[in-house]
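Asks: What would the 3D arrangement of this be:
(one chain, ligands or ions: 1)
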Amino acid sequence: MGLLEGKVGLVTGAGSGLGRATCVLAAEEGSKVVVADIDEAGGKQTVAAVEAAGGEALFVSTDVSDPAQVRAMVEATLSQFGALDWASNNAVGGAGGFCPLHETDDDTWRRTMNVTLDGVFYCLREEIPVMLERGGGSIVNIITSSVTKGEAMLASYISAKGGVDALTRTAASEYSGRGIRINSVAPGGMRTPAIARYFERFPEHEKRTVAQHALRRVAEPIEVAQAVIWLASDRASFITGECVFADGGINVNSHML
Ligand SMILES: NC(=O)c1ccc[n+]([C@@H]2O[C@H](COP(=O)([O-])OP(=O)(O)OC[C@H]3O[C@@H](n4cnc5c(N)ncnc54)[C@H](O)[C@@H]3O)[C@@H](O)[C@H]2O)c1
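Replies: Numbers count the residues shown, from 1 in each chain. Sure thing, here's the model as predicted:
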């Protein structure tokens, strides 16, 4: 029996990278899944990947920075599958390129906050009432291991993720007593398409990034998805308000080796 047998889940930013890996693994573990993304082509590829794994998925075109679209996403989940047991709020956007803080323009800052922080708030606001009505659920927000230390040239992105970290713990403090566990996963470097393209362009950055991880490599998306699915499942039944660092040891100091 799979970890999510008979459940229904929802993943935002599911048209690529970690979101896609989460959907496919969820299907392998027995869950139906809603694939939500602003990118229709990517979302449909994820649906195809879920179906190839023997699962059932519905693509819902969603911009998480738009509260009305987020509401419609949760309504579509209920009308297609009649339930929402777990969700992973994973979409990221607007961060732009690497940029010094004092050169970060208003549009980059606002768009990053709109998608990456406000988007998670809008998702929680719609997901939680449905789970309250069903008597429980599990939500996994995706942050980054850099929230603990900061990261140069990424002021808007890291600030948004720090907000999601705080929001996760706050939401857990409000709703865990009513059956909803709310946690986060903090990836380190992960070989998703955007990062792979970036490494191809700047091979010296790949070496530096790899060296920061005690495991001396970045993750494949599936390795992080495994943490997401575990937290979403009943196997993590006593865990709430926590962050699982799926980061290959980026926070232990191995730089002298
Ligand atoms: N890749 C890494 O090295 C890394 C490291 C740490 C944390 N993370 C986090 O992991 C998560 C997944 O990252 P990834 O590398 O798979 O990203 P990705 O860029 O491959 O995928 C992000 C998805 O979000 C979608 N998206 C963008 N704006 C959206 C919006 N407004 N509404 C809905 N969807 C939208 C994109 O279309 C895309 O499909 C993100 O939260 C990211 O911050 C990634």
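
Asks: Is it correct that Ala227 is in contact with Asp247?
Replies: No. The pair Ala227 / Asp247 is not scored as a contact, 10.0 Å apart, by C-beta atoms under 8 Å. For glycine as for every other residue, the C-beta is placed from the backbone atoms N, C-alpha and C.

Asks: who's more crowded, those two?
Replies: Asp247 (26 against 22; other C-beta atoms under 10 Å).

Asks: I'd like to know how far the spatially closest residue to that one that is not a sequence neighbour sits from Ser145.
Replies: Nearest residue to Asp247 in three dimensions, chain neighbours excluded: Gly188, at 3.1 Å (C-beta to C-beta, 6 or more residues apart in numbering). Distance from Gly188 to Ser145, counting by C-beta to C-beta, to the nearest Å: 5 Å.

Asks: now do the same end-to-end measure for stretch 35-46.
Replies: 7 Å (C-alpha to C-alpha, to the nearest Å).

Asks: ugh, wrong one, stretch 138-147
Replies: OK, stretch 138-147 end separation, C-alpha to C-alpha: 22 Å.

Asks: which helix of this structure spans the most residues?
Replies: helix 155-175 (DSSP state H).

Asks: and that helix, average pLDDT?
Replies: Across helix 155-175, pLDDT averages out at 98.

Asks: Work out the gap between it and the centre of the chain.
Replies: Relative to its chain's centre, helix 155-175 lies at 12 Å (C-alpha atoms, centre = their mean, to the nearest Å).

Asks: about what we covered before: can you get me a residue count around the residue nearest to Asp247?
Replies: 23.

Asks: What is the neighbour count of whatever residue of the stretch 1-150 of the chain ends up closest to the ligand?
Replies: Relative to the ligand, the nearest point of the stretch 1-150 of the chain is Gly17 (2.1 Å; C-beta to the nearest ligand atom). Neighbour count of Gly17, defined by other C-beta under 10 Å: 23.

Asks: Around the ligand, which positions in the stretch 1-150 of the chain sit nearby?
Replies: Within the stretch 1-150 of the chain, the positions adjacent to the ligand are 12-13, 15-19, 37-39, 42, 62-65, 90-93, 115, 142, 144 by C-beta under 6 Å from any ligand atom.

Asks: So which of the residues you listed sit within strands?
Replies: 12, 37, 142 (DSSP state E).

Asks: Out of these, who's the most crowded?
Replies: Thr12 (30 neighbours).

Asks: Surely that residue and Val34 touch.
Replies: No. Using C-beta under 8 Å as the test, Thr12 is too far from Val34 to be in contact (9.1 Å).

Asks: Show me whatever sits in contact with both of these two.
Replies: Any residue near both Thr12 and Val34 by C-beta atoms under 8 Å, 6 or more residues apart in numbering counts here, and that gives Met73.

Asks: what are the C-alpha coordinates of stretch 193-212, in CSV please?
Replies: Provided in CSV are the C-alpha atoms of stretch 193-212 (Å, rounded to 0.1, in the frame of the first residue of the first chain):
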residue,chain,number,x,y,z
PRO,A,193,15.8,22.7,-15.4
ALA,A,194,16.5,26.3,-14.4
ILE,A,195,19.5,25.3,-12.3
ALA,A,196,20.8,22.9,-15.0
ARG,A,197,20.7,25.8,-17.5
TYR,A,198,22.4,28.1,-15.1
PHE,A,199,25.2,25.6,-14.4
GLU,A,200,25.7,25.1,-18.2
ARG,A,201,26.2,28.8,-18.5
PHE,A,202,28.4,29.3,-15.5
PRO,A,203,30.3,26.0,-14.9
GLU,A,204,32.5,27.6,-12.2
HIS,A,205,29.3,28.3,-10.2
GLU,A,206,28.4,24.6,-10.4
LYS,A,207,31.7,23.7,-8.8
ARG,A,208,31.2,26.2,-6.0
THR,A,209,27.6,25.1,-5.4
VAL,A,210,28.5,21.4,-5.3
ALA,A,211,31.4,22.1,-2.9
GLN,A,212,29.0,23.8,-0.4
